[in-house]
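*Asks:* fold the following.
(2 chains)
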Amino acid sequence: MNYDQLSPKIAGLKVKNTKGEEVVLESLWKDKRVVVAFLRHFG
Amino acid sequence: MFARQQAAAMMDMKNKLEAEGVSVIVIGSGTPEQAKTFAEKFSFTGELFVDEDLKTYQAFDLERGFFKTLGLLSIGKGFKAMGQGFHQGLSAGDLWQQGGIFVMGPGNKIAFQHVDRFAGDHADPAEVVQACSLE
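*Replies:* Below is the predicted model of the structure:
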C-alpha cells in the first residue's frame, strides 16, 4: 500500500485521545515521522 | 497476552527512537477509559488513541476474524509468549480485530508497513526502528 492508495480512505478520519478529545488522524504525522502501532485490544 | 507483549515492545521502541525525534503512537480498539487503564497498567508513556468504530483499522487494511485470533498459528505464538512471561489479562476492545504497525510521515509517506496476519504475528521491532532512520 502506498500513501496515494491510503489517502482517500483516511481523509477526515479522527481518533480519540485518552481524554476523549477527537484528533484528526493525519495530523499525527503531518510534520514528523511517527511509528503507528494498532493494538488488537487493550489487555 | 499479545497486547501486553506489544506494549513492552512499544516502550522499548519509544526509548530507542525518542532521541531521533520519532514518536511512538498506539491506537487501540477500546474506549478512552480503557486506554488510560492500559497506559497505567503497563507504564506506557507514549501517545495513546482509540478508534472504537475500527474505521482506521479498515482504512489500513488490517485483518479481522475469529480464526485469525484463535487459529493454530496464534495458539503456537501464544504458548511462546507465555514462555516469555506474558499472560492474557481481561481484554478490552474488539477481540477479533488484528493489529499492525506502520512508520508514517513526515507528510505523505509510509516508510514501513506490517499487517498482522494472525494474533501474535508482530513486526520485528529492529526492522521498525531501522525504517525510522531511513529517508
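*Asks:* packing partners for the helix ranked longest in chain B?
*Replies:* As assigned by DSSP state H, the longest helix anywhere in chain B is helix B:2-17. Applying 3 or more CB pairs under 8 Å, 6 or more residues apart in numbering or on different chains; DSSP states H and E, one finds that helix B:2-17 makes contact with strand A:34-38, strand B:23-28, helix B:72-83, helix B:125-133. Heads up, the C-betas are built off the backbone N, CA and C, glycines and all.
*Asks:* and the next helix or strand past the third one?
*Replies:* Next helix or strand after helix B:72-83 toward the C-terminus (DSSP states H and E): strand B:100-104.
*Asks:* show me how far that following strand is from its chain's centre.
*Replies:* With CA atoms, centre = their mean, to the nearest Å as the basis, strand B:100-104 stands 9 Å off its chain's centre.
*Asks:* list the buried residues of it.
*Replies:* B:100-104 (16 or more other CB atoms under 10 Å in any protein chain shown).
*Asks:* same deal with stretch B:12-20?
*Replies:* B:13-14, B:16-17.
*Asks:* just confirm yes or no for stretch A:36-43 near chain B.
*Replies:* Yes. Applying CB under 8 Å from any CB of the partner chain, one finds stretch A:36-43 touching chain B at A:36-43.
*Asks:* one step back: weakest of the helices and strands packed on helix B:2-17 by average pLDDT?
*Replies:* The stretch with the lowest mean pLDDT among the helices and strands packed on helix B:2-17 is helix B:72-83, at a mean of 63.
*Asks:* now the buried residues of stretch B:12-20 in a markdown table, with distance to B:Ile27 and pLDDT?
*Replies:* Formatted as a markdown table, those follow (distance: CB to CB, whole Å; pLDDT from 0 to 100):
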| residue | distance to B:Ile27 | pLDDT |
| --- | --- | --- |
| B:Met13 | 15 | 92 |
| B:Lys14 | 15 | 93 |
| B:Lys16 | 20 | 91 |
| B:Leu17 | 17 | 93 |
